[in-house]
Structure formats: structure tokens, C-alpha cells
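S.K.: next input, structure requested:
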Amino acid sequence: MVDIAEKIHAAITSWESCTGGKISEQGKQIIVSTVRAIVYDPHPGWRLPSGMEPWPTMEEALAEVQRDAISKIGPALDQIAAKSPDGKTVNTFEMLHSFHEIFQVWCPFRKD
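M.R.: Numbers count the residues shown, from 1 in each chain. So this is what the prediction gives:
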């Protein structure tokens, strides 16, 4: 079975190849940490959104959310890169300033 970090790196590499964009190593680490945390360090207050229910287990639901997040890495990097001076480079600070807003859109869990 392929490690989740390998899947994330593959999505990032695909984005770089398709767009000519570049993401710093630290930016990559932020993405890996964030997407891994969906399963390995979820917030205890998360509840499944109504559109995802019923799931046999919360772990299966989290794994599905993680797969969905990986599929959205390219579009998220497009948004972040568009804000950079050259329109294609993503560094740590652009990642940190933009990622919260993007992650709020990704995250399907109700927080209320």
C-alpha cells in the first residue's frame, strides 16, 4: 500500500509538471502535515457532514475526506501560486497566508 505522503507528493509533482509551478520544500511539508492530520490528528469536535453519512466508522469517513483533499491539492496550489509575484512559485509564507482560507473551503466537517 502506498504511504499517504507518497500520494500527496505525487499530487504536488503532478501540479508542478502540468503548470511549470514550483513549491518550496517547506510548503510541501505543510501540505503533507495538514492532509495527514485529517486521519492521524483529527479535531475531536468534528462531526460528519450530512452529505457523507452514513459511514460505518469515523475512520472510514476521515480516509475519504483525506482522499478528497489530495484530489484538491492542484486547484489549491493554483490559487496560492496566483497570488505570488511570478504567478507560479509557492513559498512557505504564501502557503501560510493562503492555506487557511483554502482549507476552510476543503474541510467538510461542521465545526459548530
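S.K.: for residue 66, which non-adjacent residue is closest in space?
M.R.: Of all residues not flanking residue 66 in the chain, residue 38 sits nearest, at 4.4 Å (C-beta to C-beta, 6 or more residues apart in numbering). Every residue, glycine included, has its C-beta placed from N, CA and C.
S.K.: what residues of the helix or strand harbouring the one you found count as buried?
M.R.: Here residue 38 is covered by helix 25-40, with elements defined by DSSP states H and E. By neighbour count with 16 or more other C-beta atoms under 10 Å, helix 25-40 contains the buried residues 27, 28, 30, 31, 32, 34, 35, 36, 38, 39.
S.K.: which one among those residues gets closest to residue 95?
M.R.: If you rank the buried residues of helix 25-40 by distance to residue 95 using C-beta to C-beta, residue 27 comes first, at 4.3 Å.
S.K.: from residue 103, how far off is the closest one?
M.R.: 14 Å (C-beta to C-beta, to the nearest Å).
S.K.: okay, now the unreliable bits of this structure?
M.R.: Filtered on pLDDT under 70, the chain yields the residue ranges 1-2, 47-55, 105-106, 108-112.
S.K.: ok, the closest residue in space to residue 36 that isn't next to it in sequence - contacts?
M.R.: In space, and not counting its chain neighbours, residue 36 is closest to residue 4: 5.8 Å by C-beta to C-beta, 6+ apart. By C-beta atoms under 8 Å, 6 or more residues apart in numbering, the contact list for residue 4 reads 35, 36, 39, 66, 70.
S.K.: thanks a lot, see you next time.
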